[in-house]
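Colleague: generate coordinates for the sequence data below:
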Amino acid sequence: MRASGAGGQHVNRTESAVRLTYSKGDMNIVVAMQDSRSQPKNREKAWKVLRSKVAQMRREQREEEMMRMRRQSGAMRMGRGDKIRTYNWGQQRVTDHRSRITVNNLDDVMEGDLDKIMDSVKQWMLEKEIEALID
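Modeller: As a prediction, the model looks like this:
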């Protein structure tokens with residue numbers, strides 16, 4: 001396309017401006033570039049801008065989809081009752097609320113002795129899977 005704006009006779013003689021249109025699904029993006037006198041340079045810049053806009057639109061769509069999925073799953077509505085574990089240093093106690101196990105040796109748990117807790121969580125997960133199969 002022809003460039004517009006000030007520039008004298010050169011603007012009227014050459015077609016150095018570039019317009020790229022992207023149309024797919026619900027996305028319609030138009031990029032026009034007339035920064036330099038060279039059409040190949042304008043085309044290269046326009047492609048970079050178009051690619052970045054398409055990538056941004058796709059990123060925003062993915063983020064919206066993730067937010068929609070989180071809202072549907074209820075992950076956004078977590079409260080005190082939804083916590084997984086409680087660490088109580090004053091009483092040297094760790095409680096896993098999913099499997100309902102309490103371990104009274106917090107220092108060992110913090111050092112990496114998680115066998116009791118992990119075994120109870122594995123058992124709880126197995127029970128949940130069985131309940132899901134039955135339902």
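
Colleague: how far off centre is the helix or strand hosting Ile29?
Modeller: For Ile29, the host element (DSSP states H and E) is strand 27-33. Mean-position distance between strand 27-33 and its chain equals 25 Å (C-alpha atoms, centre = their mean, to the nearest Å).

Colleague: repeat that for stretch 56-71.
Modeller: 7 Å.

Colleague: could you do stretch 40-51 as well?
Modeller: Stretch 40-51 has its average C-alpha position 27 Å from the chain's average C-alpha position, going by C-alpha atoms, centre = their mean.

Colleague: which other residues reach the helix or strand containing Ala132?
Modeller: Taking DSSP H and E as the definition, one finds Ala132 inside helix 115-134. Applying C-beta atoms under 8 Å, 6 or more residues apart in numbering, the contact partners of helix 115-134 are Arg85, Val94, Asp96, Arg98, Ser99, Arg100, Ile101, Val103, Val109. Where C-beta positions appear, they are placed from N, C-alpha and C, glycine not excepted.

Colleague: from the chain's centroid, how far away is it?
Modeller: Helix 115-134 sits 29 Å away from the centroid of its parent chain (C-alpha atoms, centre = their mean).

Colleague: ok, the nearest residue to Trp47 once chain neighbours are set aside - how many residues close by?
Modeller: Spatially, and ignoring its direct neighbours in sequence, Trp47 is nearest to Leu20 (6.8 Å; C-beta to C-beta, 6 or more residues apart in numbering). Residues near Leu20, counting by other C-beta atoms under 10 Å, number 15.

Colleague: quick one, phi psi at Leu20?
Modeller: Backbone dihedrals for Leu20, given as degrees, to the nearest 10, come out at phi -110, psi 140.

Colleague: dig out what it forms beta bridges with.
Modeller: Partner residues in beta bridges with Leu20: Val31, with DSSP bridges as the criterion.

Colleague: what kind of secondary structure is Glu15 in?
Modeller: coil (DSSP: H, G, I helix; E, B strand; the rest coil).

Colleague: which residue packs closest to Thr21, ignoring adjacent ones?
Modeller: The spatial neighbour of Thr21 that comes closest, neighbours along the chain excluded (C-beta to C-beta, 6+ apart), is Val30 at 5.1 Å.
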